[in-house]
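Undergrad: Model the following, please.
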Amino acid sequence: MPNATIDELRTCDLRISQPRQGYRYSLDPLLLARFCREVKPGGSIVDLGAGCGIISLVLARINTTALVTAVENNPEMAALVEQNIHNNGLAGRASVLAEDVMDLRKKYPVSTFDLVVSNPPFRKSGSGKVSPLAGRDSARHETTAGLADFLAAAKYLVKPSGKICFIQLPSRLPEFMALAAELKLSVLRLRMIHSNAESPATMFMAELAKGRRCESVVQSPLFVRDMDGVYTDEVWQ
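TA: Okay, here's the model as predicted:
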């Protein structure tokens, strides 16, 4: 992609190309990747709405024998994912599918993946501020697929023994829980992310599964920075 930057993620030995302007990954996908439990050896992972592929690449590094598929409907970003896969020596284990989340039932049989992960657009169409930078608004706001569609696709794709992991805004937690119940997805773990110990939650992460009944575990909050503004040890692990 022209006018792209290359940024190093040294903790995972990755070099990530991403647009100089437009949507650039933040800390959220890195926290989500670490929130996911490792899959079994030789397992399969799919990342819905992959952007530049940051979650897919990190999960491929963490799960050293897994096969990872990055799904991204923006052709330019999908090409960037492909470039990042090759530049990081992961062509044998990671791949990109330039497809809309709404069309994945045509591509895969039910219950294909051990882990389905998604950092979907956070805001509904027409809500919040619209970015003037190309690509950033479509990454932040729902376009063809909404939260219900991402969750329905995740349920279809995940194996009964597998897990689903999402990250979202706290303001959408009631909607998220209602959609999960409607889809008969059990929320296994829930964790809130805070800027520091005195701030309200800025994001939440959830792990779900289909075909199970269990009590939800609300984990201890994750604080990104201490009160001096320094990243906490957990964030830097």
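Undergrad: pLDDT weak spots in this protein?
TA: By pLDDT under 70, the low-scoring segments of the chain are 1-2, 123, 125-143, 237.
Undergrad: which residues of it fall in helices?
TA: Here the chain has its helices, by DSSP state H, at 27-35, 54-62, 75-87, 136-140, 147-157, 173-182, 233-236.
Undergrad: Can I get the last one as PDB, trimmed to CA atoms?
TA: C-alpha atoms of helix 233-236 as PDB (Å, rounded to 0.1, in the frame of the first residue of the first chain):
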ATOM      1  CA  ASP A 233       3.400  -4.600  34.000                       C
ATOM      2  CA  GLU A 234       0.400  -6.600  32.600                       C
ATOM      3  CA  VAL A 235       0.200  -4.500  29.500                       C
ATOM      4  CA  TRP A 236       3.900  -4.800  28.800                       C
END
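Undergrad: that older thread, packed most tightly, which of the helices of the chain would that be?
TA: helix 54-62 (a mean of 25; mean count of other CB atoms under 10 Å). Quick note: C-beta positions are derived from backbone N, CA and C, even for glycine.
Undergrad: Any chance you could list what contacts that one?
TA: Contacts to helix 54-62, defined as CB atoms under 8 Å, 6 or more residues apart in numbering, come from residues 9, 12-14, 16, 18, 25, 29-30, 32-34, 36, 38, 45, 47, 50, 66, 68-70, 81, 84-85, 88, 90, 93-94, 96, 115, 117, 119.
Undergrad: hmm, back to that, any chance of the helices of the chain in CSV, plus distance to residue 166?
TA: Converted to CSV, those look like this (distance: least, CB to CB, whole Å):
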stretch, distance to residue 166
helix 27-35, 8
helix 54-62, 11
helix 75-87, 19
helix 136-140, 16
helix 147-157, 7
helix 173-182, 7
helix 233-236, 19
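Undergrad: With respect to residue 218, which of these lies nearest?
TA: Among the helices of the chain, helix 173-182 comes nearest to residue 218, with 11.4 Å by CB to CB.
Undergrad: tell me the angle that closest one makes with helix 147-157.
TA: 40 degrees (axes from the mean of the first three to the mean of the last three CA atoms, to 10 degrees).
Undergrad: Other residues contacting helix 173-182?
TA: Residues contacting helix 173-182 (CB under 8 Å, 6+ apart): 147-148, 151, 166, 168, 186-187, 204, 206, 208.
Undergrad: about what we covered before: ok, which of the helices of the chain comes nearest residue 225?
TA: Per CB to CB, nearest to residue 225 of the helices of the chain: helix 233-236, 7.8 Å.
Undergrad: re the thing from before, out of the contacts of helix 173-182, which are buried?
TA: 147, 151, 166, 168, 186-187, 204, 206, 208 (16 or more other CB atoms under 10 Å).
Undergrad: Which among the helices of the chain is found nearest to residue 104?
TA: That would be helix 147-157 among these, by CB to CB, at 5.3 Å.
Undergrad: Look up the closest residue to residue 4, ignoring the ones flanking it.
TA: Leaving aside its chain neighbours, residue 4 sits nearest to residue 17 (4.8 Å; criterion: CB to CB, 6 or more residues apart in numbering).
Undergrad: Inside strands: which ones of the contacts of helix 173-182?
TA: Secondary structure from DSSP state E places 166, 168, 186-187, 204, 206, 208 of those in strands.
Undergrad: OK, contacts around residue 114?
TA: With contacts defined as CB under 8 Å, 6+ apart, residue 114 is in contact with 39-40, 43-45, 66, 158-159, 161-163.
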